[in-house]
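Novice: Have a look at this fold, sequence not included:
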């Protein structure tokens with residue numbers, strides 16, 4: 001039996017001593033922010049008092065043949081990631097969370113997962129990091145794979161404490177730590193519809209919008225028009241959501257679904273497949289508009305039905321980004337994991353997922369997106385002031401059907417500079433090949449300033465995923 005200390009607030013404010021497997025099992029949902037289902041969770045411990053450090057979560061592989069390679073990868077990921085952030089861990093705690101199919105065979109589930117637990121312990125030992133405790137949580141009970149004493153860890157397991165009744169629960173509530181339900185519930189809010197009639201209606205809307213939108217995305221001028229239309233429609237939908245009557249959390253998603261038509265959802269989903277449009281939408285990340293944006297991205301993710309499942313990567317990534325930006329790290333990890341499940345090569349989701357897991361401050365990206373949004377507004381304002389078209393006709397000539405005379409009056413730019421003309425394309429030179437993360441070829445305009453926020457959408461090498 002091992003004692004374990006966890007700080008529930010800033011250093012020196014309060015410490016809780018976790019005494020053995022029962023307290024560790026009770027602490028798990030407060031460590032993760034939700035109750036994990038069908039998951040392996042590994043938590044790093046630091047120092048003589050066993051301060052909680054980095055943690056990761058992954059769905060338990062169904063095939064036992066995958067347990068060995070997965071265990072090696074998880075151990076390496078946790079140890080090396082901890083070394084980069086807080087130093088090498090002194091120990092690791094492992095949780096295997098999986099209910100039995102009938103809800104009454106938890107002990108059989110525990111025995112079935114025992115080889116996986118042993119493989120995880122061996123993988124951690126290969127890095128010279130001991131496993132302090134390995135627990136199986138199933139059907140409301142827990143078992144220890146490390147404690148051989150039947151007096152405290154009997155074969156039939158021990159009953160988990162009722163939620164909210166322990167010292168850990170009280171301390172977490174005092175510290176403002178909330179449990180957001182089960183992982184399964186959190187994922188259900190972001191997964192595509194399954195009702196056949198609703199799926200058919202939304203799929204038809206996507207089928208209709210796609211052929212009309214794709215040719216426009218392949219044309220540079222029309223693409224900018226599509227971006228403006230997409231962002232304008234998304235803003236109107238956000239206002240509609242924000243103006244709706246508040247609803248309990250259990251009914252909020254259904255209410256949001258009713259506020260948005262199938263054609264509207266299809267237009268925004270397809271428009272967000274353009275990387276630059278998605279990056280501009282990512283600027284709705286803070287303040288009052290963040291929550292309405294988050295609700296919109298969740299709603300659109302649920303509309304990515306049937307063969308359009310991969311299109312969910314964009315709204316799911318935006319949902320994950322807004323969650324992370326507003327301080328909801330558990331919600332961010334769930335949304336970003338689903339985004340990578342929809343499209344494993346979606347680079348924006350890869351980078352956000354890694355940054356969130358490594359505990360980076362989202363303010364750096366927020367600042368980048370703010371600067372990009374400000375630059376867009378300044379550019380639009382400068383263009384509106386710099387170019388004014390006046391159409392006139394010669395009085396007598398107009399009556400005779402003469403061609404109207406177009407006069408372009410150009411004002412000075414605010415900075416006193418001159419607008420750079422677009423270089424003509426040489427004959428026989430085609431457009432550049434499209435990036436895999438976009439539905440259009442990218443032709444960089446002369447003089448366009450590269451923005452950091454636009455780097456996130458390009459596909460790159462696959463990043464290792466973990467929670």
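Specialist: Received the coordinates, thanks. Quick caveat: nothing in here was measured; it's all calculated off a predicted structure. Residues are numbered from 1 along each chain as shown.

Novice: Going by C-alpha atoms from here, please, whenever you check contacts or count neighbours.
Specialist: Will do.

Novice: Mind listing what's buried along the helix or strand residue 80 falls within?
Specialist: Assigned by DSSP states H and E, residue 80 belongs to helix 67-85. Of all the residues in helix 67-85, those buried under the rule 16 or more other C-alpha atoms under 10 Å are 67-68, 70-72, 74-79, 81-82.

Novice: For it, name the packing helices and strands.
Specialist: Contacts defined by 3 or more C-alpha pairs under 8 Å, 6 or more residues apart in numbering; DSSP states H and E place helix 67-85 against strand 39-46, strand 51-59, helix 106-125.

Novice: What is the longest one packed up against?
Specialist: I take that to be helix 106-125. In this structure, helix 106-125 packs against helix 67-85, strand 91-97, strand 131-138, with contacts taken as 3+ C-alpha pairs under 8 Å, 6+ apart.

Novice: Same list, the ones you listed, but as a markdown table with mean pLDDT and distance to residue 350 please.
Specialist: Formatted as a markdown table, the helices and strands packed on helix 106-125 follow (pLDDT from 0 to 100; distance: least, C-alpha to C-alpha, whole Å):
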| stretch | mean pLDDT | distance to residue 350 |
| --- | --- | --- |
| helix 67-85 | 93 | 15 |
| strand 91-97 | 96 | 25 |
| strand 131-138 | 95 | 29 |
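
Novice: For residue 61, find the nearest of the ones you listed.
Specialist: Taking C-alpha to C-alpha, helix 67-85 is the member of those nearest to residue 61, at 6.6 Å.

Novice: Report the angle between the closest one and strand 39-46.
Specialist: Interaxial angle of helix 67-85 relative to strand 39-46 (axes from the mean of the first three to the mean of the last three C-alpha atoms, to 10 degrees): 40 degrees.

Novice: And the contacts of helix 67-85?
Specialist: For helix 67-85, the external contacting residues (C-alpha atoms under 8 Å, 6 or more residues apart in numbering) are 42-44, 53-56, 61, 88-89, 116, 119-120, 123-124, 127, 358.

Novice: change it to 6 Å
Specialist: The contact list for helix 67-85 (C-alpha atoms under 6 Å, 6 or more residues apart in numbering) reads 54, 88, 116, 120, 123-124.

Novice: Kindly report the same for stretch 204-220.
Specialist: 222-223, 262-263, 266, 440.

Novice: just curious, which of these is nearest to residue 253?
Specialist: The shortest approach to residue 253 among those belongs to residue 262, at 15.3 Å (C-alpha to C-alpha).

Novice: that older thread, can I get the helices and strands packed on helix 106-125 in a markdown table including distance to residue 292?
Specialist: Shown next, in a markdown table, are those (distance: least, C-alpha to C-alpha, whole Å):
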| stretch | distance to residue 292 |
| --- | --- |
| helix 67-85 | 33 |
| strand 91-97 | 33 |
| strand 131-138 | 36 |
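
Novice: Residue 193 is nearest to which of those?
Specialist: Evaluated with C-alpha to C-alpha, these place strand 91-97 nearest to residue 193, the distance being 26.4 Å.

Novice: for that closest one, packing partners?
Specialist: Under the contact criterion of 3 or more C-alpha pairs under 6 Å, 6 or more residues apart in numbering; DSSP states H and E, strand 91-97 touches strand 39-46, strand 131-138.

Novice: Next, the buried residues of the last one.
Specialist: The neighbour-count criterion (16+ other C-alpha under 10 Å) identifies 131-138 as the buried residues of strand 131-138.

Novice: Tell me the one among these nearest to residue 94.
Specialist: Distance to residue 94, by C-alpha to C-alpha, is smallest for residue 134 among these, at 4.5 Å.

Novice: For the closest one, list the residues it contacts.
Specialist: Here residue 134 is in contact with 93-95, 144-145 (C-alpha under 6 Å, 6+ apart).

Novice: So what's the residue count around the closest residue to it other than its chain neighbours?
Specialist: Nearest residue to residue 134 in three dimensions, chain neighbours excluded: residue 94, at 4.5 Å (C-alpha to C-alpha, 6 or more residues apart in numbering). When neighbours are defined as other C-alpha atoms under 10 Å, residue 94 has 23 of them.

Novice: what residues are up against residue 94?
Specialist: By C-alpha under 6 Å, 6+ apart, residue 94 lies in contact with 41-42, 134.

Novice: Also residue 301?
Specialist: Contacts of residue 301 by C-alpha under 6 Å, 6+ apart are 190, 312, 315-316.

Novice: and those residues as TSV, adding secondary structure and neighbour count?
Specialist: Below are the contacts of residue 301 laid out as TSV (DSSP: H, G, I helix; E, B strand; the rest coil; neighbours: other C-alpha atoms under 10 Å):
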residue	secondary structure	neighbour count
190	coil	25
312	helix	31
315	helix	30
316	helix	30
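
Novice: could those go into JSON lines alongside distance to residue 344 and pLDDT?
Specialist: Converted to JSON lines, the contacts of residue 301 look like this (distance: C-alpha to C-alpha, whole Å; pLDDT from 0 to 100):
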{"residue": "190", "distance to residue 344": "17", "pLDDT": "95"}
{"residue": "312", "distance to residue 344": "12", "pLDDT": "97"}
{"residue": "315", "distance to residue 344": "15", "pLDDT": "98"}
{"residue": "316", "distance to residue 344": "13", "pLDDT": "98"}
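
Novice: Among the residues you listed, which one sits closest to residue 235?
Specialist: Each of the contacts of residue 301 was scored against residue 235 by C-alpha to C-alpha, and residue 315 proved nearest at 14.2 Å.

Novice: Can you tell me the closest non-neighbouring residue to that closest one?
Specialist: Nearest non-adjacent residue to residue 315 (C-alpha to C-alpha, 6+ apart): residue 297, at 4.9 Å.

Novice: Report pLDDT for residue 166.
Specialist: We note a pLDDT of 67 for residue 166 in this prediction.

Novice: same question but for residue 413, I mixed them up
Specialist: Confidence score, pLDDT, at residue 413: 42.

Novice: same deal with residue 188?
Specialist: pLDDT recorded at residue 188 is 93.

Novice: Let me know the helix or strand that residue 226 is in.
Specialist: Judged by DSSP H and E, residue 226 forms part of helix 220-242.

Novice: Starting from that helix, tell me the next helix or strand along the chain.
Specialist: Downstream of helix 220-242, the next assigned helix or strand under DSSP H and E is helix 249-259.

Novice: Report the rounded mean pLDDT for that following helix.
Specialist: Averaging pLDDT along helix 249-259 yields 87.
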